[in-house]
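Chemist: Starting from these lines, generate the structure:
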Amino acid sequence: MTKTVSSWIWLGGLASVLALPVLLLGALDATLAHHLAWALMKSPMHPGPMTVPLWLVVLGLFVSALLGGYLYRLIAISTRHIREQSTIAAKLESRLSPLPEELIPPNLAPSNQVRFVSLTESTPHAFTYGFRTPTIVIAHSMQHLLDRQALAAIIAHEYSHVRSQDYAIQQLFIILIHTLPGFGFGTLYRQYLTIREIQADQFATSWQHTPDHLIHAMVATVRALKNQPAAPFPSEPAWNSGWQARIDALASSDGGNSHHPVGILWPFLTFPAISSSLFVAACIAVACH
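Modeler: Numbers count the residues shown, from 1 in each chain. Below you'll find the model as predicted:
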């Protein structure tokens, strides 16, 4: 239950941040339009030329342009990202086949809610994707690399990502980062990924009642990746250290201190929520003046 609540808070929070500029610019534009209408209504009561403030017209047009530009940017980036993800998923489908039933851990996930597939891939890795039908993908090479228990640990880890709706949250993060660049959302995204990875490790450990199988799976995967022709680990120490930190956390038997994922969301949302509420309240007060 906590996982579901946490995921919905993340989804709602990210969607709210994306909608925040629309709310602020819309409130300001509505306030300016109200004052412009009031100035036009008062003008006939006074003799001489109309006395509509030019600055009010210019500011109203400027805010309207900002609002339209942001909406266009948000829609264009979202549409492009959805189209790219659909293209990637379509290409991926041709390389997928059902995962052998004997490899699917019993009593882990309902087969009618989660799809387990095998990917024709020489690089050992696993991931999840999909909205309507969450799909857990296990590379064919990983099935030969790991024993049954270690592979079950990897599948349980990926199932934790399905439970946490991480794929949907990641898509919102990517749209947010591209729509509002330079606001530090990339740092928050990296924190989120780290926390979710550790929590997925904890879930797999709790499900198997031991961290040994997951540690074995991670160590074997790291070694296999290092032996790949284009090995990512030697040139990317940050990724290597991230895997090492997860292995160390598992080996310490307490799963590491991951903090609750909602915890880092509150500071992220507090300032924009308070500032936007005050701003909208001020706009309403001025409009009703």
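Chemist: Please count neighbours and contacts with C-alpha atoms only from this point.
Modeler: Fine.
Chemist: how about the strands of the chain, start to end?
Modeler: Taking DSSP state E as the criterion, the chain contains strands spanning 96-98, 115-119, 126-129, 135-139.
Chemist: Which one, of these, ends up nearest to residue 178?
Modeler: strand 126-129 (20.3 Å; CA to CA).
Chemist: one step back: let me have the strands of the chain in a markdown table, extended by distance to residue 223.
Modeler: Putting these into a markdown table (distance: least, CA to CA, whole Å) gives the following:
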| stretch | distance to residue 223 |
| --- | --- |
| strand 96-98 | 25 |
| strand 115-119 | 20 |
| strand 126-129 | 15 |
| strand 135-139 | 16 |
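Chemist: how does this structure divide up, domain by domain?
Modeler: Per automatic domain parsing, the structural domains of the chain span 1-94+273-289, 98-258.
Chemist: Tell me the bridge partners for residue 118.
Modeler: residue 97, residue 138 (DSSP bridges).
Chemist: Show me the shaky parts of the stretch 151-289 of the chain.
Modeler: 227-242, 253-289 (pLDDT under 70).
Chemist: So which residue is dead centre in the protein?
Modeler: residue 170 (2.4 Å; CA atoms, centre = their mean).
Chemist: wait, which of the strands of the chain is closest to residue 190?
Modeler: Of all these, strand 126-129 comes closest under CA to CA, at 17.0 Å.
Chemist: helices or strands next to the closest one in the packing?
Modeler: strand 135-139, helix 148-163 (3 or more CA pairs under 8 Å, 6 or more residues apart in numbering; DSSP states H and E).
Chemist: follow-up on the earlier one: please determine how far the residue nearest to the centre of the chain is located from residue 86.
Modeler: Noted for residue 170: a distance of 15 Å to residue 86, by CA to CA, to the nearest Å.
Chemist: Now for residue 183, how many residues are close by?
Modeler: Residues lying near residue 183 (other CA atoms under 10 Å) number 9.
Chemist: Residue 28 too?
Modeler: For residue 28, using other CA under 10 Å, the count is 23.
Chemist: That one and residue 63 touch, don't they?
Modeler: Yes - between residue 28 and residue 63 there is a contact under CA atoms under 8 Å: 7.5 Å.
Chemist: list residues touching both of these two?
Modeler: Common contacts of residue 28 and residue 63 (CA atoms under 8 Å, 6 or more residues apart in numbering): none found.
Chemist: of all the helices and strands packed on strand 126-129, which lies closest to residue 59?
Modeler: Across these, residue 59 has its closest neighbour in helix 148-163 (46.3 Å, CA to CA).
Chemist: Residue 103 contacts residue 148, doesn't it?
Modeler: Yes - proximity of residue 103 to residue 148 meets the contact threshold set by CA under 8 Å, at 6.9 Å.
Chemist: Helices of the stretch 51-200 of the chain, start to end?
Modeler: Under the criterion DSSP state H, counting those that start in this stretch, the stretch 51-200 of the chain contains helices at 54-93, 140-145, 148-163, 166-179, 185-208.
Chemist: Which elements pack onto the fourth one?
Modeler: In this structure, helix 166-179 makes packing contacts with helix 2-42, helix 54-93, helix 185-208, judged by 3+ CA pairs under 8 Å, 6+ apart.
Chemist: Just the C-alpha atoms of it, please, in CSV.
Modeler: C-alpha atoms of helix 166-179 as CSV (Å, rounded to 0.1, in the frame of the first residue of the first chain):
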residue,chain,number,x,y,z
ASP,A,166,8.7,3.6,-12.1
TYR,A,167,8.4,3.6,-15.9
ALA,A,168,5.6,6.1,-15.9
ILE,A,169,7.4,8.3,-13.3
GLN,A,170,10.6,8.2,-15.4
GLN,A,171,8.7,9.4,-18.5
LEU,A,172,7.2,12.3,-16.6
PHE,A,173,10.7,13.1,-15.3
ILE,A,174,12.2,13.1,-18.8
ILE,A,175,9.4,15.4,-20.1
LEU,A,176,9.8,17.7,-17.1
ILE,A,177,13.6,17.9,-17.6
HIS,A,178,13.3,18.8,-21.3
THR,A,179,10.4,21.2,-20.8
